[in-house]
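K.L.:
Need a 3D model of the sequence below.
(2 chains)
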Amino acid sequence: MSRLLTLDRVSFAYDRRTVMSDLSFSIDAGDYLAIIGENGSGKTTLLLGLLGLKEPSAGTITRGEALLLYRIGYLPQQIPEQHDFPATVREIILSGRLNRHGFLSFYSKEDRMAADRVIERLNLESLEKRSFRELSGGQRQRVLLGRALTAAEGLLLLDEPVAGLDPIVSHDFYRLINELNEDGVTIVMVSHDIHCVTKNSSHVLHLGYGHFYYGTTEDYMNSQLVASYLPDRGAV
Amino acid sequence: MIQFFSDFFSFSFLLRALIGGALVALSASLLGTSLVLTRYAMIGDGLSHVAFGALAIAMALSAAPLLIAIPIVMLAAFLLLRLSDNNRVRGDSAIAMLSSASMAIGVIVISLVSGMNTDLYSFMFGSILSMSQSDMVMAILLSVVVTMLFSFSYNNLFAVTFDENFARASGVRAGIWNALLAMLASVTIVLGMRIMGAILISSLIIFPPLSAMRLCGSFKGVTLLSALSSIVCFVVGLFLSYALDLPSGPVIVLTNVACFLLFSSIRLVRGRKHFC
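P.N.:
A predicted model of the protein is given here:
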């Protein structure tokens, strides 16, 4: 099993205000890591750090040899302004390949074929020529997942991917993520939805204010922490 | 008809206005596509007011207008981008503050120097006579740079416009792109406001992309149709204003409005399904 990312006593700060300190954990190929925690505990900041977009204020983030810079499939939180954006599904999915190009950019035949593969894998053929603004919330999220997959087939970073989706659509989305994980895609997912996440994930990173928990999902479910996060669990 | 056009083309200032203006309209519509979709559209409006103040100062100093105005407007563009990134002052409030302050400075400078006369009017609403030889050369340069940028870095621009966070994660330097767009928008506004006027120039940035979005559902479609409709509206508007003896800026704005209404009604008839 190859190691993708290792964090060693990492801290993040904004304007000298530390949002997270002394965080250590690692991500191996094939993991499904759920990152949970209260608002403001630094979940999105941590994702930015993993993406290489935010430098830690202390500690080190080491990339495994298999993981190149910018070769991470990222699914950011959706911004409402995107919803009426005029772009076709294909245009968006193809834009995942941009991390292989520089300032002057034309997509190659290889890029187009990669986009075709993802479109087929996520059953987006019927939507390919549709405009993003005509899609439902669940379809949009599948398209953005497709873009992330086009960017990198090894590691996906998902930031609150089911926020704003109805329960049935969320369920389908989680199932899709599970299938990808079973196919060998490493998943790192930030979520509020602790019930669903712990059902699917292999590891949990729980961020609190000033402390954190990292371990397998099984250990986490037996820990004190989960009882405080899920008050109803004590009764089960 | 033939007489009309041969009259039109016999005036070199009209020919300059036609060529220079159409190229500015082309640049404005391309940059506008990105600005409108990234919700920076109001920056264009704010910058045109800054340009007004800057041109007034240039006039008072009897300096070359472009030499003074372009750097000042670029500076304002960077300031506005930084302000909207920092979130310390809300972006739209910052633009409103800068706009009214610049207008106030401009009007006071003009009234100190020459009294409230026709210069003010042509600053506000533009004049077809004001496109000089050097303005036209600048317009040609600008349109070459903007079209090259959109042709060769189209995919980067799409990524930055659609999703800045994802673009950054893909290694695209989004900050540089935003600065580049703001810089080119500054030049476009300064050049365009000679014909269109400070109050009306932002219409060249805002109308064409919004019209194109009525009919097109793809980014490529919107970009191309926006550029095409912008040039057509400008040329038609300029001819109309000459034929009807009306001020060119407002007539060009109204041709853009007509185009927007036309595209909107086509969309209404056709439903949400897009053409391109």
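K.L.:
OK, contacts around the residue of chain B found nearest chain A?
P.N.:
Minimum separation of chain B from chain A (C-beta to the nearest C-beta) falls at B:G217, amounting to 2.8 Å. From N, CA and C alone the C-beta is placed, and that goes for glycine too. By C-beta atoms under 8 Å, 6 or more residues apart in numbering or on different chains, B:G217 lies in contact with A:86-88, A:130-134, B:274-276.
K.L.:
Which residues of the stretch 101-250 of chain B lie near chain A?
P.N.:
The stretch 101-250 of chain B comes close to chain A at residues B:152-156, B:158-159, B:162-163, B:165-172, B:213, B:216-222, as judged by C-beta under 8 Å from any C-beta of the partner chain.
K.L.:
thinking again about what came up before, so can I have JSON lines of the contacts of B:G217 showing pLDDT and secondary structure?
P.N.:
Formatted as JSON lines, the contacts of B:G217 follow (pLDDT from 0 to 100; DSSP: H, G, I helix; E, B strand; the rest coil):
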{"residue": "A:P86", "pLDDT": "94", "secondary structure": "coil"}
{"residue": "A:A87", "pLDDT": "95", "secondary structure": "coil"}
{"residue": "A:T88", "pLDDT": "95", "secondary structure": "strand"}
{"residue": "A:R130", "pLDDT": "94", "secondary structure": "coil"}
{"residue": "A:S131", "pLDDT": "94", "secondary structure": "strand"}
{"residue": "A:F132", "pLDDT": "94", "secondary structure": "helix"}
{"residue": "A:R133", "pLDDT": "92", "secondary structure": "helix"}
{"residue": "A:E134", "pLDDT": "91", "secondary structure": "helix"}
{"residue": "B:H274", "pLDDT": "81", "secondary structure": "coil"}
{"residue": "B:F275", "pLDDT": "80", "secondary structure": "coil"}
{"residue": "B:C276", "pLDDT": "79", "secondary structure": "coil"}
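K.L.:
Please pick the buried ones from those.
P.N.:
Among the contacts of B:G217, those scoring as buried are A:86-88, A:130-134, B:274 (criterion: 16 or more other C-beta atoms under 10 Å in any protein chain shown).
K.L.:
then stretch B:50-69 to PDB, C-alphas only?
P.N.:
Coordinates of the C-alpha atoms in stretch B:50-69 are reproduced here as PDB (Å, rounded to 0.1, in the frame of the first residue of the first chain):
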ATOM      1  CA  VAL B  50     -12.700  56.700 -12.200                       C
ATOM      2  CA  ALA B  51     -11.800  57.200 -15.800                       C
ATOM      3  CA  PHE B  52     -14.000  60.300 -15.900                       C
ATOM      4  CA  GLY B  53     -12.100  61.900 -13.000                       C
ATOM      5  CA  ALA B  54      -8.800  60.900 -14.500                       C
ATOM      6  CA  LEU B  55      -9.600  62.400 -17.900                       C
ATOM      7  CA  ALA B  56     -10.700  65.600 -16.300                       C
ATOM      8  CA  ILE B  57      -7.400  65.900 -14.400                       C
ATOM      9  CA  ALA B  58      -5.500  65.100 -17.600                       C
ATOM     10  CA  MET B  59      -7.400  67.900 -19.400                       C
ATOM     11  CA  ALA B  60      -6.700  70.300 -16.600                       C
ATOM     12  CA  LEU B  61      -3.000  69.600 -16.800                       C
ATOM     13  CA  SER B  62      -3.200  69.700 -20.600                       C
ATOM     14  CA  ALA B  63      -1.500  66.300 -20.600                       C
ATOM     15  CA  ALA B  64      -2.000  63.400 -23.000                       C
ATOM     16  CA  PRO B  65      -5.300  62.000 -21.800                       C
ATOM     17  CA  LEU B  66      -4.500  58.300 -22.200                       C
ATOM     18  CA  LEU B  67      -1.100  58.700 -20.500                       C
ATOM     19  CA  ILE B  68      -2.700  60.000 -17.400                       C
ATOM     20  CA  ALA B  69      -6.000  58.100 -17.400                       C
END
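K.L.:
so which strand or helix has B:L18?
P.N.:
Using DSSP states H and E, B:L18 maps to helix B:12-37.
K.L.:
can you give me how far that helix is from the chain middle?
P.N.:
Relative to its parent chain, helix B:12-37 has a centroid offset of 7 Å by C-alpha atoms, centre = their mean, to the nearest Å.
K.L.:
next one: stretch B:208-225
P.N.:
That offset, for stretch B:208-225, works out to 17 Å (C-alpha atoms, centre = their mean).
K.L.:
Show me which positions of it end up buried.
P.N.:
Neighbour counts using 16+ other C-beta under 10 Å place B:208-219, B:221-225 of stretch B:208-225 among the buried residues.
K.L.:
For B:C233, which non-adjacent residue is spatially closest?
P.N.:
Nearest non-adjacent residue to B:C233, counting by C-beta to C-beta, 6 or more residues apart in numbering or on different chains: B:T255, 4.4 Å away.
K.L.:
And B:L67, by the same measure?
P.N.:
B:A58 (7.4 Å).
K.L.:
Appreciated, that's everything.
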